[in-house]
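Visitor: starting from these lines, generate the structure:
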Amino acid sequence: MNAPDNLVEIRGLAFSYGRRPILRGIDLDIARGHVVAILGASGSGKTTLLQLLGGLIKPQAGTINVCGWKVHEARAEDLYAMRREIGMMFQKGGLFTDLSVFENVAFPIREHTRLPEALIHDLVIMKLHAVGLRGAQGLKPAELSGGMARRVALARAIALDPPLMIYDEPFAGLDPITLNVVTNLIRTLTDALGGTCVVVTYDVHEAVKLADYLYILGDGVIVGHGPTQEMLDSKHPFVHQFLHAEPDGPVNFHLPAPPLLEELELARPAG
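Guide: Residues are numbered from 1 along each chain as shown. Have a look, this model is predicted:
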C-alpha cells in the first residue's frame, strides 16, 4: 500500500471550554515530508489544537487522523501506539530533572523498544552528537543553560526517528545565537531524517525562515493558509497584519471602551 500524502488530516474540528469556544470548525492537512508552521497570537487555540492532536482531550465535533490513527475515537492503548510515531518537543523542554542528559534521551527508546543496552548507548550518543551536546551526556538538566536544555529535548524527541515531529513554541525565550542554532537544527534534522514537521509558534520571523507552508489561526478558525511566500504576499487583512506585525488592522490593540476624554477627570469641565 502507498503511504498517504498527509500525515495529519483534520476536518470540522470544534472544541469549547464550557461555553467559551476555542476552535470553531478547523480543517487542516499536514503533508508528508513538509515543514508546516501553525501561527497565531497567544490565546488563539494553538496549544488546545496540539492537545487534540495528541489525544489528551476529545473534540466536541470533527475528526482527527494522525499517522493513520483516528485520534478522536482512539482507545488508550491506541493512543499509546500512535504516540510512538510522534516526536514532541515541549515548550519548556519537559526534561526529567532527576535523570542525566543521557538518561533523558534514552528514556523513549527504553519505553518503546527492547533494544540491548549497547545499541541504546550508541543511539543516544548519535542523537546528542546531532544537536552538539555529546559532551553534556552526564549533566543533569539543572546544570544546563536554557538553550542547551532545548537541544537535549530535541535529541529526545528524535530518539526513535518518528515520522512526525511536533514542536510547541520552540523559539520562546532563546537568545539570538541559540535561536538561530535551534532553527537550523530543526530544518536540518527534518530533512536528514526525511520526516514531517509541525511547528506551533507565534514567532513569525523564525517560522517563515523554517516552514514550507503556513496556517494562520485566529479567533478559533483558520484565517489563511498556503505556501510561505504566498502567505507573506497575501492581501488578506488579518494575515497581512499578523505576518507583518502592523499595528492597524482587524486585530485591535485596544479593547472596546468609551472615548478616552470621557474617562479622564482632568478633561471634564469644572463644576
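
Visitor: put the alpha carbons of stretch 143-151 into CSV.
Guide: Extracted C-alpha coordinates of stretch 143-151, given in CSV (Å, rounded to 0.1, in the frame of the first residue of the first chain):
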residue,chain,number,x,y,z
GLU,A,143,23.3,22.2,35.0
LEU,A,144,22.2,23.2,31.5
SER,A,145,21.5,26.6,30.1
GLY,A,146,18.1,27.2,28.6
GLY,A,147,19.3,26.7,25.1
MET,A,148,21.2,23.5,25.9
ALA,A,149,18.1,22.1,27.6
ARG,A,150,16.0,22.8,24.5
ARG,A,151,18.6,21.0,22.4
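
Visitor: phi first, then psi, for Ile30.
Guide: phi -110, psi 110 (degrees, to the nearest 10).

Visitor: the closest residue to it other than its chain neighbours in helix, strand or coil?
Guide: Nearest non-adjacent residue to Ile30, counting by Cβ to Cβ, 6 or more residues apart in numbering: Val8, 3.7 Å away. All C-beta spots, glycine's among them, are computed from the backbone N, C-alpha and C. Using DSSP: H, G, I helix; E, B strand; the rest coil, the structure places Val8 in strand.

Visitor: so what sits opposite Val8 in the bridge?
Guide: Beta-bridge pairing for Val8 (DSSP bridges): Ile30, Val66.

Visitor: show me what contacts it?
Guide: Applying Cβ atoms under 8 Å, 6 or more residues apart in numbering to Val8 gives the contacts Leu28, Asp29, Ile30, Leu53, Ile64, Asn65, Val66, Cys67, Leu164, Val198.

Visitor: which SSE is immediately downstream of the biggest helix by length in the chain?
Guide: Among the segments of the chain that qualify as a helix by DSSP state H, the longest is helix 176-193. Beyond helix 176-193 in the direction of the C-terminus, DSSP states H and E gives the next helix or strand as strand 196-201.

Visitor: and that next one, C-alpha only, in CSV?
Guide: The C-alpha atoms that make up strand 196-201 are tabulated as CSV, following Å, rounded to 0.1, in the frame of the first residue of the first chain:
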residue,chain,number,x,y,z
THR,A,196,7.4,15.7,8.6
CYS,A,197,7.5,18.6,11.0
VAL,A,198,4.8,20.8,12.6
VAL,A,199,6.0,24.0,14.4
VAL,A,200,3.4,25.7,16.6
THR,A,201,4.5,29.3,17.4
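
Visitor: what's the burial count for Glu103?
Guide: Glu103 has 16 neighbours, counted by other Cβ atoms under 10 Å.

Visitor: put the alpha carbons of the strand or helix carrying Arg11 into PDB.
Guide: Arg11 is part of strand 6-17, with elements assigned from DSSP H and E. Taking Å, rounded to 0.1, in the frame of the first residue of the first chain, the C-alpha atoms of strand 6-17 are listed here in PDB:
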ATOM      1  CA  ASN A   6      -1.000  13.600   4.600                       C
ATOM      2  CA  LEU A   7       0.300  12.500   8.000                       C
ATOM      3  CA  VAL A   8      -2.300  14.700   9.700                       C
ATOM      4  CA  GLU A   9      -5.900  15.300   8.400                       C
ATOM      5  CA  ILE A  10      -8.300  17.400  10.500                       C
ATOM      6  CA  ARG A  11     -11.900  18.100   9.400                       C
ATOM      7  CA  GLY A  12     -14.600  20.200  11.100                       C
ATOM      8  CA  LEU A  13     -12.700  20.300  14.400                       C
ATOM      9  CA  ALA A  14     -14.600  22.100  17.200                       C
ATOM     10  CA  PHE A  15     -13.700  22.400  20.900                       C
ATOM     11  CA  SER A  16     -15.000  24.600  23.800                       C
ATOM     12  CA  TYR A  17     -14.200  25.100  27.400                       C
END
